[in-house]
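Novice: I need the structure of the sequence given here:
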Amino acid sequence: MALMVPEKLPYNATQGEKRVFSILQNLPENCVVYYEPLVSNRYPDFVAILPSTGVLVVEVKGWRHGDIQQCDPQKINVLGEVHTPPARQARDYKYRLMDRCREAPACRPLLYDAGSFKGKFRFPFAHMVVLSNIDSEQIQRASCGDLSPFFPSETTLFRDELIDLADNERTGEETLRCLERFFDPKWEIEGGGLTPSQVDALRATIHPEVIIEKFETVRTSNIELKVLDLDQEREARNIASGHRLIWGVAGSGKTVLAISRAKLLAQENPNARILMTCYNKTLAAYLKKTLENYPSIEVMHFHSLAKRIWNCGFSSKESNEVFGERLLKCLSKGAVVNTKYDAILVDEAQDFDPAWFRCLLSLLCDPDDGDLLIVGDGMQSLYKSRKITWKSLGVQAGGRTKYLRRNYRNSREIASLAAAFSVFGNTASASSDSEEAEVRGVHLSEADVVRGNGIKPLLIREQSVRDTIPAICVLVHGLLEGNFNGVSLQSPLKPEEIAVLYPYKGILTGHLYHLIENLKKETDVFWLTRDSETKNETSLPGLKVSTIHSAKGLQFRAVILFGADYLPYSEEAEDTETGERLFYVALTRAEDLLAVAAGGRSSKFVDRLIALKKQGLMDELETLCGR
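Specialist: Below you'll find the predicted structure:
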């Protein structure tokens, strides 16, 4: 079955649209079908990406035999109303989509770049009209005459054909062959069909909100895209309005889902005021950069928001709970708030004090039924929070909670290692829908890892943290040259794809200066957590150095955890739990490559890594090879 976006039609869809939906749904599973996508400010009924054939635009009309009173090539009169002829309408949608593909740099791979076909598409586009209530014979004897010249069989599917397609059981390939008649001209696509990256380029043209990141390739100067996968895209579109809670495992796409939801809301209502907020400054800087082309979406970390809206500054010496109580006092005093939002999206909800959600609700134009999306992962909660019910805060949580269990980010090797540190937290059962105002944790399971096998994580052990610095520099040098501990990579890493994380601000400072000084001999380095200003340098090209706290919500192709033996902070139970969460967050920032560097301090977490290495889950840098 084809992947349908959205998964279900809205309640007000016509019977004809429902029948066409079921037919298109029967297409092969590699096909993607969109219902009413926005194409140059117009909404075609369906756009189908058929990788083996091309792109098909479908316009459905529910007119009946006697409804059409007059028709010519320019207009059609239906029950006294003048319409654009549907074939012309569908053709115009097709041409608009083709124009957008030609204009988008990321769609260059869709066109021939040389030879006699230079600038032409590598695959055909087609359009068709479905007359869901008019038979092929009826069109010839309409009250205003024979209308078949305006509804030729080459571009029109009539009711009798529609019923035959819908009611007779066909395989996906048979359904596809029935639709291929609308492709004129039709030709064999090179390589047997559209590649996954070409399909992604088409998806990003039809729905730009699926784009996570654009980047330019070094060798070809083409713009390549990182986009939501199809399940994630459908998930973003299935989020209903009102108050919604989403708890997800690390790497499940919580942040990109929230970003995509914000983009969708902005697209659906350009006049809506939308707020996206999170806990840490580094993630806020990333979100702001990602959403910079959406002026109706404001991005602020919560402390900045509180300062701006309620003039309530945060002191690093006070807990989140104390800060929340001060905010509630501002609210109880009737502080006038002139800023209201139609929708609010919260990322990193696990680090929010419950009182903060009540403050956010007060900023909604409609606190009871307005759009409030709260996403988080209790396994990544790094700050202690008190217990309270969602209902007491005004958040309607009952029956509105969803769990994301699939990990899209990490290789299997990295996910397996991280899973060994995913043991704390109040976790979600399959049916848990708690009213308690806490962010549920979702355990990372190897069975739910989407990606395949990669390279084993690397353990670096020396007598002291300072002694690990040469090994880290050699490792970074290798990554920039295209290898990881002697294993050749498909291509060298860019500096901005590498991060060095360390446990806490205020520790290892002297060692960090020494490390960064040496890393700068290899590439540009940005120490994101050196001070409050540097946290805005997330998007700059260069290797990033950050605390684990500030890296939460971010991801990198390669991560090196520096000073791993400084976790946990102490043997106290609370410090051990917090330290384990930090370890888990650090490990799950890595997409493809992970190294953990530890000095000679005693650490139960490093001991656990050594045990995992003996089980074959890690490699160890036995000797440091000079250059």
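Novice: show me the strands in the stretch 51-200 of the chain, by range?
Specialist: Counting by DSSP state E, counting those that start in this stretch, residue ranges of the strands within the stretch 51-200 of the chain are 54-64, 68-71, 76-78, 81-83, 125-133, 156-157.
Novice: same question for the stretch 351-500 of the chain.
Specialist: When secondary structure is read from DSSP E, counting those that start in this stretch, the stretch 351-500 of the chain shows strands at 371-376, 401-404, 458-461, 483-484, 487-488, 498-502.
Novice: can you list the strands that the fourth one pairs with?
Specialist: On the basis of DSSP bridges, the sheet neighbours of strand 483-484 come out as strand 487-488 (antiparallel).
Novice: rounded mean pLDDT for the partner strand, please.
Specialist: Per-residue pLDDT values over strand 487-488 give a mean of 93.
Novice: so what touches it?
Specialist: Outside of strand 487-488, the residues within contact range by Cβ atoms under 8 Å, 6 or more residues apart in numbering are 455, 482. Just so you know, the C-beta spots here come from the backbone N, C-alpha and C atoms, and that holds for glycine as well.
Novice: mind putting the strands of the stretch 351-500 of the chain in JSON lines, distance to Gln555 and mean neighbour count included?
Specialist: Output for the strands of the stretch 351-500 of the chain, formatted as JSON lines (distance: least, Cβ to Cβ, whole Å; neighbours: other Cβ atoms under 10 Å):
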{"stretch": "strand 371-376", "distance to Gln555": "15", "mean neighbour count": "25"}
{"stretch": "strand 401-404", "distance to Gln555": "15", "mean neighbour count": "19"}
{"stretch": "strand 458-461", "distance to Gln555": "18", "mean neighbour count": "22"}
{"stretch": "strand 483-484", "distance to Gln555": "17", "mean neighbour count": "18"}
{"stretch": "strand 487-488", "distance to Gln555": "21", "mean neighbour count": "12"}
{"stretch": "strand 498-502", "distance to Gln555": "9", "mean neighbour count": "26"}
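Novice: same list (those) but as TSV, adding distance to Leu291.
Specialist: Listed next are those as TSV, based on distance: least, Cβ to Cβ, whole Å:
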stretch	distance to Leu291
strand 371-376	14
strand 401-404	21
strand 458-461	35
strand 483-484	33
strand 487-488	37
strand 498-502	22
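Novice: for Leu202, find the nearest of the ones you listed.
Specialist: The closest of the strands of the stretch 351-500 of the chain to Leu202 is strand 401-404. By Cβ to Cβ, the value is 25.5 Å.
Novice: ok, which of the strands of the stretch 51-200 of the chain comes nearest Arg91?
Specialist: Ranking the strands of the stretch 51-200 of the chain by distance to Arg91, with Cβ to Cβ as the measure, places strand 125-133 first at 5.2 Å.
Novice: partner strands of the closest one and their direction?
Specialist: Applying DSSP bridges to the sheet, strand 125-133 is found paired with strand 54-64 (parallel), strand 156-157 (parallel).
Novice: which stretch in the strands of the stretch 351-500 of the chain has the least confidence?
Specialist: Set side by side, these differ in mean pLDDT, and strand 401-404 is lowest with a mean of 86.
Novice: thinking again about what came up before, would JSON lines of the strands paired with strand 125-133 with mean neighbour count and mean pLDDT be doable?
Specialist: Rendered in JSON lines, the data for those read as follows (neighbours: other Cβ atoms under 10 Å; pLDDT from 0 to 100):
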{"stretch": "strand 54-64", "mean neighbour count": "22", "mean pLDDT": "94"}
{"stretch": "strand 156-157", "mean neighbour count": "24", "mean pLDDT": "94"}
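Novice: what's the closest of these to Asn271?
Specialist: Nearest to Asn271, of these and by Cβ to Cβ, is strand 54-64 at 28.1 Å.
Novice: re earlier: using CSV, lay out the strands paired with strand 125-133 together with distance to His303.
Specialist: Formatted as CSV, the entries for those read as follows, by distance: least, Cβ to Cβ, whole Å:
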stretch, distance to His303
strand 54-64, 47
strand 156-157, 57
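Novice: closest to Ser241 out of these?
Specialist: Between Ser241 and the strands paired with strand 125-133, the shortest gap by Cβ to Cβ is with strand 54-64, which sits at 25.7 Å.
Novice: tell me if Ser304 really is in a helix.
Specialist: Yes - with DSSP: H, G, I helix; E, B strand; the rest coil as the criterion, Ser304 is located in a helix.
Novice: does it really touch Ala285, like I thought?
Specialist: No - applying Cβ atoms under 8 Å as the test, Ser304 and Ala285 come out as separate, 11.0 Å apart.
Novice: those two: who's more crowded?
Specialist: Between Ser304 and Ala285, counted using other Cβ atoms under 10 Å, the more crowded position is Ala285 (22 against 15).
Novice: chain center to the helix or strand that contains the more buried one: distance?
Specialist: Take DSSP states H and E as the rule and Ala285 turns out to sit in helix 281-290. Relative to its parent chain, helix 281-290 has a centroid offset of 15 Å by Cα atoms, centre = their mean, to the nearest Å.
Novice: all numbers from here: first residue = 20
Specialist: Will do, 20 is the new start, and the previous item becomes helix 300-309.
Novice: which neighbouring elements make contact with that helix?
Specialist: With contacts taken as 3 or more Cβ pairs under 8 Å, 6 or more residues apart in numbering; DSSP states H and E, helix 300-309 sits against helix 273-287, strand 293-297, strand 316-320, helix 567-570.
Novice: break the chain down into its domains, please.
Specialist: 22-225, 258-428+445-465, 477-639 (automatic domain parsing).
Novice: out of those, nearest to Leu249?
Specialist: With respect to Leu249, and counting by Cβ to Cβ, the nearest of the domains of the chain is domain 22-225 at 5.0 Å.
Novice: and the end-to-end length of that closest one?
Specialist: Its start and end residues considered, domain 22-225 measures 15 Å (Cα to Cα, to the nearest Å).
Novice: would you single out the least confident of the domains of the chain?
Specialist: Looking over the domains of the chain, mean pLDDT reaches its minimum on domain 258-428+445-465, with a mean of 82.
Novice: ends of that one, how far apart?
Specialist: One end of domain 258-428+445-465 sits 26 Å from the other (Cα to Cα).
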